[in-house]
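In: Sequence and predicted model, in that order:
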2 protein chains.
Amino acid sequence: MRFVCNQQVLAKALNIVLKAVTPRTTIPILKGLLLTVDNNGILKMVASDMDLSIERKIQVHSAEEGSIVVSAKLFNDIIRKLPNDDVEVTEENNTVTIRCLSSEFTIVGQPAEEFPSIGTVNSDERIKLDKAAIKEMIKKTSFSASIEESKGIIVGILIEMEDDYLSMVALDGFRMAVTKEKKANNDSKKIVISAKIMNEIYKIFTETVEDEDVEMILDDKKAVFLMEDTKIVSRIMEGEFIKYKGIIPKEYSSKLIIDRLELLDSIERASLLAREGRNNLVKLSLEEDGLVITSSSEEGNVIEKVNAHKEGNDLLIGFNAKYIIDALKVIDDEEIVMEFGSNVNPCLIKPIEGDQFLYLILPVRIAA
Amino acid sequence: MRFVCNQQVLAKALNIVLKAVTPRTTIPILKGLLLTVDNNGILKMVASDMDLSIERKIQVHSAEEGSIVVSAKLFNDIIRKLPNDDVEVTEENNTVTIRCLSSEFTIVGQPAEEFPSIGTVNSDERIKLDKAAIKEMIKKTSFSASIEESKGIIVGILIEMEDDYLSMVALDGFRMAVTKEKKANNDSKKIVISAKIMNEIYKIFTETVEDEDVEMILDDKKAVFLMEDTKIVSRIMEGEFIKYKGIIPKEYSSKLIIDRLELLDSIERASLLAREGRNNLVKLSLEEDGLVITSSSEEGNVIEKVNAHKEGNDLLIGFNAKYIIDALKVIDDEEIVMEFGSNVNPCLIKPIEGDQFLYLILPVRIAA
């Protein structure tokens, strides 16, 4: 095997592919990176942790067919430290030589046959995705998924295609995030992918060509995201996702229209005194002329007033500040709507118009 | 006590003063920040961990005399999160109220009398320092000091004034850094200050007015660094520093003149294969047409060639790559001189001309 390629091009591709390498894996070959060169001058780099596999194609020079597995970390470290010039990589008898100007590395490789196949998907149906919209939806939902692996399906994000809508939904038992985007096609599908993987996909979408086409191919076990030079294969989680639509309250007794950044800043400040113990508790008091946020601890207490347009009843309700902060941070809208039932019912955070996002946050019971 | 001050001004001052707060102190009052307002509208903020004390003065409005100790972390967190507007701080009966626009915090204070005095220095002699030169010298030496508190005096930096020179010296038993700057005065002094504190002083010098005057006042126990609005009081370490001048070889048998960045890059690359075990060992071979750097591990090996002008004997010598990298990183010169004795003698890194810096690095014994 042999190829010559510019150092920066290699480094960029490695940055993408290495997102599938888990350094703490117990399967040694998965710390590796599969390099395959064909006679058309295409180098394929593949990394996989079995749940997520990433393949990146690069046009190289002086190609000689062959394949080898190298240590992903070491190969990446070497390439990143080399000067911005042509890098020549050759392989003979499982020994890989990397040359660039006056540097020469010789590293031990492993036979390509030992690398697991990232598998093929048994479907011809290709679903077109809007890269920018998918990125936005991942950003707006993934933080709401559970981070406890033991919680099963809710560490995943539900991707639901219905009629002309694509939705993503994540929840952890205390809050839920729902985003919705119009889509061109009429496919109807429901899959769940781990939020951890979706976050890696977000990063890859950010690091690849901005407007490039993305196609999704699905079978029962795998979802493939196909771009020009990059292929992402993700495991689909087994099991049924929570029937989330029934959880969303249809009615409210109080409603606020409020400036998002003012509310965010005020809750962040109030949470400074809420951090210790007691669930990071801040109290929201909906009053005639707006919202009053209070919090207290042994160290002191805080009162924050935020102007808001209020409809409906006055209400005193407690929340874990973190859940509100997390949601307000990923929204871009200048103003938002908050809907409340009683102080034991969840609060909804929504846009002034439309249903692009919806956050449902459970309250914390407060002493009367 | 009462004062009004712009949020940004307070935040900046806090950033400086908080460098003297150790969050893990066992003396609760040292987690505090002493605020003192006088009738001339000057607010003094003081923090101390006993070894390092920092005082910052700020001009404030609506001043009413008084003093109080507040939690440094909480006060800082609150000020940093407030909007860029006037902040009013008042104190009554050890309760401190912080108001800014529609935010109101009430936090518990402690009586100012409980805060330790940062002490006075029994000397009238003021030594003028060049702020930029001192910063440069700290940067070029502090990383060479020992980081093991148990090693006594060598966790400190020796500051030595002799004739018209000011020197700083740091060493850890494996390497030594010496920097020298001309000074205007003829003071003759020798003190040792902990490298950790010198690093904080470096940061404070960076965050305060660039060209402002710095004066140093010394007694047996303390060194005071005096600026326009900022006063730093550092403990002077007890005990005699190592007589470092005798350690520096006067002669060499091989000498290289070499490009600093090329050498740095090559050693960093070579160290990729030297990291595991074996002291991070890289081998330097001084040959007729330059320097060849090699390193090897179970994962593979590397050969790096660097052009250099060589005088004297060929030599094969081993080093811990980290010690050479650390030194090369803080030097600004394009080319440097390396002097070698035998492969069991230390190597010197020096400028082509002058004696502004000198690094001495002990070799690692290598198998013949």
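Out: Nice, I can see it.

In: Contact distance from chain B - what residues of the stretch 201-350 of chain A qualify?
Out: A:265-266, A:268-269, A:272-273, A:298-306 (CB under 8 Å from any CB of the partner chain). Quick note: C-beta positions are derived from backbone N, CA and C, even for glycine.

In: got the contact list for the residue of the stretch 1-150 of chain A found nearest chain B?
Out: The minimum distance from the stretch 1-150 of chain A to chain B, using CB to the nearest CB, falls at A:Ile107 (3.4 Å). Each residue near A:Ile107 by CB atoms under 8 Å, 6 or more residues apart in numbering or on different chains is listed here: A:Val70, A:Ser71, A:Leu74, A:Phe75, A:Ile78, A:Thr95, A:Val96, A:Ile98, B:Leu273, B:Glu299, B:Gly300.

In: Among those residues, which are located in strands?
Out: Mapping these onto strands (DSSP state E) picks out A:Val70, A:Ser71, A:Thr95, A:Val96, A:Ile98, B:Gly300.

In: Please name the residues that touch the last one.
Out: When contacts are counted by CB under 8 Å, 6+ apart, B:Gly300 is found next to A:Leu74, A:Val96, A:Phe105, A:Thr106, A:Ile107, A:Val108, B:Leu273.

In: and it, what are its bridge partners?
Out: Beta-bridge partners for B:Gly300, by DSSP bridges, are A:Ile107, B:Ser297.

In: re the thing from before, just the buried residues out of the ones in strands among the contacts of A:Ile107, in PyMOL syntax.
Out: Entered in PyMOL, the line below selects the buried ones among the ones in strands among the contacts of A:Ile107, by 16 or more other CB atoms under 10 Å in any protein chain shown:
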select buried, (chain A and resi 70+71+96+98) or (chain B and resi 300)
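
In: can you put the ones in strands among the contacts of A:Ile107 in a markdown table and add distance to A:Ser123 and pLDDT?
Out: Shown next, in a markdown table, are those (distance: CB to CB, whole Å; pLDDT from 0 to 100):
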| residue | distance to A:Ser123 | pLDDT |
| --- | --- | --- |
| A:Val70 | 32 | 97 |
| A:Ser71 | 34 | 96 |
| A:Thr95 | 40 | 97 |
| A:Val96 | 36 | 98 |
| A:Ile98 | 39 | 98 |
| B:Gly300 | 41 | 94 |
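
In: Output stretch A:143-159 as PDB - backbone C-alpha positions only.
Out: Output in PDB follows, covering the C-alpha atoms of stretch A:143-159 (Å, rounded to 0.1, in the frame of the first residue of the first chain):
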ATOM      1  CA  PHE A 143     -29.100  17.900  26.000                       C
ATOM      2  CA  SER A 144     -32.500  16.700  27.200                       C
ATOM      3  CA  ALA A 145     -31.700  13.000  26.700                       C
ATOM      4  CA  SER A 146     -30.800  11.000  29.800                       C
ATOM      5  CA  ILE A 147     -27.100  10.600  30.400                       C
ATOM      6  CA  GLU A 148     -27.600   7.400  32.500                       C
ATOM      7  CA  GLU A 149     -26.800   4.500  30.300                       C
ATOM      8  CA  SER A 150     -29.000   2.300  32.600                       C
ATOM      9  CA  LYS A 151     -32.100   4.300  31.600                       C
ATOM     10  CA  GLY A 152     -32.400   2.400  28.300                       C
ATOM     11  CA  ILE A 153     -34.100   4.000  25.400                       C
ATOM     12  CA  ILE A 154     -34.200   7.500  26.800                       C
ATOM     13  CA  VAL A 155     -30.400   8.000  26.300                       C
ATOM     14  CA  GLY A 156     -31.500   8.200  22.700                       C
ATOM     15  CA  ILE A 157     -33.100  10.800  20.500                       C
ATOM     16  CA  LEU A 158     -36.300   9.800  18.700                       C
ATOM     17  CA  ILE A 159     -36.200  10.800  15.000                       C
END
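
In: State the mean pLDDT of that stretch.
Out: Stretch A:143-159 shows a mean pLDDT of 95 in the predicted model.

In: Show me what that stretch is in contact with.
Out: Residues contacting stretch A:143-159 (CB under 8 Å, 6+ apart): A:138, A:141-142, A:166-173, A:175-177, A:189-196, A:198, A:237, A:239-242, A:244, A:326-327, A:330, A:359.

In: what does stretch A:359-368 give?
Out: For stretch A:359-368, contacts defined as CB under 8 Å, 6+ apart pick out A:144, A:171, A:174-178, A:247-249, A:279, A:281, A:283, A:316-320, A:323-324, A:327, A:343-350.

In: what does the stretch 1-150 of chain A put close to chain B?
Out: So the stretch 1-150 of chain A meets chain B at A:71, A:74, A:77-78, A:81-83, A:96, A:102-108 (CB under 8 Å from any CB).

In: can you do 7 Å?
Out: For the stretch 1-150 of chain A, the contact set with chain B under CB under 7 Å from any CB of the partner chain comprises A:Ser71, A:Leu74, A:Asp77, A:Ile78, A:Lys81, A:Ser102, A:Ser103, A:Glu104, A:Phe105, A:Thr106, A:Ile107, A:Val108.

In: Which residue, other than its chain neighbours, is closest to A:Val87?
Out: Of all residues not flanking A:Val87 in the chain, A:Cys100 sits nearest, at 4.6 Å (CB to CB, 6 or more residues apart in numbering or on different chains).

In: how close does the one you found get to A:Ile27?
Out: To A:Ile27, A:Cys100 is 31 Å away according to CB to CB, to the nearest Å.
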